[in-house]
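1. coords below, sequence missing:
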């Protein structure tokens, strides 16, 4: 029986997508190698930035793991950096450090179109293949994959998607704020924080959901940030098999987002058309 098509949106509230792989540390990779690798990426990513490395991500069982990363072992005096390769429009970047490769897409303007999951995962496939080929040419160890990650960050804006924190039920119905009946001095709901963890099918990892009120740094616009993050960690992952995992993670994220949000808002604000 064919699977039902996933919902699609003309104006989705997604503001960032993270798609990446984790691997055993490439200890032989040096800064000079990264410079040579950039020459192969430079046409699509003409700008670079150097940042401190992210700490190793260890995911155990528990909701706290959604936002907490742990550092194990000694810290290098001068750790190998995290390098960003940035597209000309600043919307897409490749993040590389010794233990991970991540593709980020970021919405840089309100009317910037979402490029589609297929385009983002294809970018990761291409860059990972380029990295593996480069390491082989340099007689360096190629990545031993140990983790995969796909995350969608959604910004539900006050005044567009909902009126404010107390109106959360209009977008996420099961979180509707209902003060006690007959209360004369009702306190105003000014903030929200909610987390949940779901198991992906067939033991393929977890889907973490996080919802928090916040403000957009650029202009102070109030919003609810709704994150959906799928992750799987395993001692040994086969490169050819991870693409099916990304498809599963994407389908799980899209269907869960559609299940927990209001169909009325999906249709009228985000222009759902399937």
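-> Nice, I can see it. Bear in mind that the values here come from a model prediction, so they are computed numbers and not experimental data.
2. count of residues packed around residue 34?
-> Taking other CB atoms under 10 Å as the criterion, the count of residues near residue 34 is 18. C-beta here means a position set from N, CA and C on the backbone, and glycine is covered the same way.
3. distance of the closest residue to it other than its chain neighbours relative to residue 237?
-> Of all residues beyond its chain neighbours, the one nearest residue 34 is residue 83 (5.4 Å), with distances taken as CB to CB, 6 or more residues apart in numbering. Applying CB to CB, to the nearest Å, the value for residue 83 to residue 237 is 23 Å.
4. ok, now residue 169?
-> From residue 169 to residue 237 the distance is 40 Å (CB to CB).
5. looking at these two, which is more packed in?
-> residue 237 (20 against 14).
6. and the more buried one, what is it in contact with?
-> Applying CB atoms under 8 Å, 6 or more residues apart in numbering, we find residue 237 in contact with 145, 146, 147, 148.
7. quick one: pLDDT of the residue nearest to the spatial centre of the chain?
-> The residue lying closest to the centre of the chain (CA atoms, centre = their mean) is residue 151, at 2.4 Å. Note for residue 151: predicted pLDDT of 98.
8. that one contacts residue 229, correct?
-> Yes - between residue 151 and residue 229 there is a contact under CB atoms under 8 Å: 4.1 Å.
9. right, and the pair among the contacts of residue 237 with maximum separation?
-> Within the contacts of residue 237, 146 and 148 form the most distant pair, 9.0 Å apart (CB to CB).
10. rewinding a little: phi and psi next, for the residue nearest to the centre of the chain.
-> Note on residue 151: its backbone torsions stand at phi -140, psi 140 [degrees, to the nearest 10].
11. quick check: bridge partners of it?
-> According to DSSP bridges, the residues that bridge with residue 151 are residue 18, residue 229.
12. any stretches of this structure with poor pLDDT?
-> Across the chain, the ranges flagged by pLDDT under 70 are 1-3, 58-79, 179-185.
13. strands of that one, start to end?
-> 14-23, 47-51, 82-86, 92-97, 100-106, 145-157, 193-199, 206-215, 222-233 (DSSP state E).
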